[in-house]
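S.K.: next input, structure requested:
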Amino acid sequence: MTAMPSPVCVSDGISRIVGGGCVALLATVGVACAASAAESVPGFAEFLAEKGIDRAGREVIEAATVWDDAVQQAAVRVLLRLAAPTELVAAWRADAVPFGAEPPAVADRLVAIRGRAVHVAPQPLTADQRELAAGRTHYDVVRIVDAAGLAADALVLDAPRAWPRGRPIDEPAVAFGLPLTTGVGPRPEAGSGWPAASPAVVVAAPAVAWTPATPLGALGVDYALFDTVVDGRKLEPGDAEAFFALLSAAGRMPAEPAGAPIDIVPLIDPARKWFATHRGDEVVIAGDARRATRIAIDEPARREQIGADHYWELFVFVPTPPLDIDGTITDRFPVVCCVRELPAGMPSGDQISEAVTVAGFALKRYGYPLADAVIGDDVRKGARLEAPLVIGRRAAWRPRPATGTANELVFGVFAALAALVAGAIAWNAWAMRRDAQRAAARARAELPDRFTLPGDSD
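M.R.: Down below sits the predicted model:
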C-alpha cells in the first residue's frame, strides 16, 4: 500500500487530482465526440462506404465457398474498421434488423442478435494478418443461439474476457453485427470443441455485450465494458464507457442504501486484487464527506445516456482499523463516490464535514500522485495513493445538530440537573429542620418538673 499523509492533505490531494481527472476525461471525450459528430453525421451505409467495407468491399467474403486466408484477411479488415463514435452507433442500432425476424441476408445494415452465448474460441491470424492487425494474434468467434434455436456466429476482436475459451458456456449475449455471409464461416482450431452445426449467418461486430445475473447486470450494464478498465491509474478514456454505463444504471437503483457498510480494507489493499473479481459489485460506503463537487456533463450524447447534465463527486472518509501505510498510522481512508444527486439541503463545496451513506457499484481502484511537499530546505516527492471509486444514485445524509441547537440542548440539560440538585438540597435542609424541631419537642416532653441541684435541700 502506498504512503498517505494526514486526512486533510489526502482530501486536498484527491480533489485536485481525481476531480481534475474526471473533468478532464469528460471534457476530452466529450469535445472529441461532439466535434466529430458536428463535422459529419453519416448513416450506417454511408459510414461503411467511407471505410471501404460496404457490401462491394466485402464481396470476397460473401462469395466465398471456403474460409481461406484471403477471406479471413478481408474479415479482419472489416473488424478493424467497424469502430465508430458512441452517438452514431446508438442511432444505427435503433434501425437494426432483429435476428430471426426474417431470413438472414447480407446487407449494409446491422442485425441485432439476442440470445445465449454457447461457445467462444480464438481464431488465429497468419503472419500477414497479424501485421495488418498491429501485432494482434487472433480474433474471437462467439456462437450465439436465440430463443428459437437459430444460431449466429459473431466475429469480434475481443469477446468478454471472463468467458472461458474452448468449452461450452451459457451466458446472456447481445451483438449488433454487420452480416458478412450466410454460407461458410471460420472454424476455430482443433481442440476448441467448436459446435458442428453451421450458423445461419456470420456477422462482424464491434463487441458482444454480456449482462450476467447480478444486480448490475439486471440493470442492463454490459460487463464486457470492464475489460478496458485499469486499476491503479487515473480515469482514462478506456474507463469512459463503463463509467457512464454505471452512472446511467445508478439512476435505476433504489433511492436509499440497503445493507451494512462494506469493510473497505480489501478494496484499498492492492495485494488482494479485490477489483479483479468483484468489479461491478454493489457496495455500501458510510463515512464523513469532506468535499462535494458538481461535475457538468458537456457531451449531448452522454447527457441523453444519463438523463442529466451533471453528477456529484464526493470524497468520503471511511473509518478503518488502524492501518500502517508506509510508516503512517491512520484510521480513516478516502473513497471517491460519484453520485447522480445530493439530498435537498446537504452542503456542498470544498470544506464540508457531513455524515453520509452511499450505495453504489464498485468501478476501480483509482490511483494518482499526491503533490510534492516542501519541508524546510527539502522537497519530498509526492507519494501515490489508490482510492476505491464507487458509482451510485445518491448520498443518504445524516445532518448533524447545528452548533447553536447543540449548545441550547446542553444548557437545558445542565439547567435541569441544577434544578434537581437545588431541590434536593432544599428538601434536605427542610427535613433536617423538621427533624431537629421534633427532637427538641421530645426532649422538652421528657424533662422533669424541676432540677435538683447539688446542695439544694427541701
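S.K.: does E87 fall in a helix, a strand, or a coil region?
M.R.: helix (DSSP: H, G, I helix; E, B strand; the rest coil).
S.K.: that one and A355, how far apart?
M.R.: For E87, the distance to A355 (C-beta to C-beta, to the nearest Å) stands at 40 Å. Yep, even glycine has a C-beta here, placed from its N, CA and C like the rest.
S.K.: who's more crowded, the two?
M.R.: With neighbours defined as other C-beta atoms under 10 Å, E87 and A355 compare such that E87 has more, 18 against 15.
S.K.: tell me how far the nearest residue to that one once chain neighbours are set aside lies from P401.
M.R.: Distances taken as C-beta to C-beta, 6 or more residues apart in numbering put A301 closest to E87, at 3.7 Å, once the chain neighbours are dropped. As judged by C-beta to C-beta, A301 and P401 stand 44 Å apart.
S.K.: please say which of the two ends up with more neighbours.
M.R.: A301 (21 against 10).
S.K.: doesn't that one lie inside a helix?
M.R.: Yes: applying three-state DSSP, one finds A301 inside a helix.
S.K.: correct me, but it touches V89?
M.R.: No: taking C-beta atoms under 8 Å as the definition, A301 is not a contact partner of V89, at 9.9 Å.
S.K.: D128 is in what secondary structure piece?
M.R.: helix 127-132 (DSSP states H and E).
S.K.: residues in contact with the following helix or strand past that helix?
M.R.: On the C-terminal side of helix 127-132, the closest following helix or strand by DSSP H and E is strand 138-145. The contact list for strand 138-145 (C-beta atoms under 8 Å, 6 or more residues apart in numbering) reads 76, 79, 113, 115-125, 133, 151-159, 165, 173, 175, 185-186, 188, 194-195, 199, 208.
S.K.: which of these are buried? Put it as a PyMOL command.
M.R.: A single PyMOL command selects the buried members of the contacts of strand 138-145 (16 or more other C-beta atoms under 10 Å):
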select buried, resi 76+79+113+115+117+118+119+120+121+122+123+125+133+151+152+153+154+155+156+157+158+159+173+175+185+186+188+194+195+199+208
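S.K.: of the contacts of strand 138-145, which belong to strands?
M.R.: Counting by DSSP state E, those place 113, 115-124, 151-156, 173, 175, 208 in strands.
S.K.: residue ranges for the strands of the protein, please.
M.R.: So, for the chain - with DSSP E - the strands run 97-98, 111-124, 138-145, 151-156, 171-181, 201-204, 208-210, 282-296, 310-325, 328-341, 354-369, 373-375, 378-380, 384-398.
S.K.: what's the least confident stretch among those?
M.R.: For these, mean pLDDT drops lowest on strand 373-375, to a mean of 47.
S.K.: still on that earlier bit, and the residue nearest to E87, what pLDDT?
M.R.: Here, the pLDDT recorded for A301 equals 87.
S.K.: how far away is it from V265?
M.R.: For A301 relative to V265 (C-beta to C-beta), the value is 38 Å.
S.K.: cool, and P172?
M.R.: Applying C-beta to C-beta, the value for P172 to V265 is 33 Å.
S.K.: now E299
M.R.: E299 is 36 Å from V265, by C-beta to C-beta.
S.K.: ok, these two, which is more surrounded?
M.R.: E299 (22 against 15).
S.K.: state the phi and psi torsions of E236.
M.R.: Main-chain dihedrals, E236, degrees, to the nearest 10: phi -130, psi 170.
S.K.: hmm, back to that, in the helix holding D128, what's buried?
M.R.: So, applying 16+ other C-beta under 10 Å, buried residues of helix 127-132: Q129.
S.K.: so how far is K364 from A133?
M.R.: To K364, A133 is 28 Å away according to C-beta to C-beta.
S.K.: hang on, I meant P215
M.R.: Per C-beta to C-beta, P215 is found 18 Å from K364.
S.K.: can you check A112 too?
M.R.: 30 Å.
S.K.: between these two, which is the more surrounded one?
M.R.: K364 (25 against 17).
S.K.: who does that one bridge with?
M.R.: L389 (DSSP bridges).
S.K.: isn't it right up against G238?
M.R.: No: using C-beta under 8 Å, K364 is not in contact with G238; the gap is 10.4 Å.
S.K.: ends of stretch 164-171, what's the gap?
M.R.: Using C-alpha to C-alpha, to the nearest Å, the end-to-end distance of stretch 164-171 comes out at 11 Å.
S.K.: and it, how far from the chain's centre?
M.R.: How far stretch 164-171 lies from its chain's middle: 27 Å, per C-alpha atoms, centre = their mean, to the nearest Å.
S.K.: contact partners of it?
M.R.: With C-beta under 8 Å, 6+ apart, stretch 164-171 has contacts from 116-122, 140, 160, 163, 188, 191-193, 210, 212.
S.K.: that one: which residues count as buried?
M.R.: I169, E171.
S.K.: could you do stretch 222-242 as well?
M.R.: 222-227, 229, 231, 233-235, 239-242.
S.K.: from the chain's centroid, how far away is that stretch?
M.R.: Relative to its chain's centre, stretch 222-242 lies at 10 Å (C-alpha atoms, centre = their mean).
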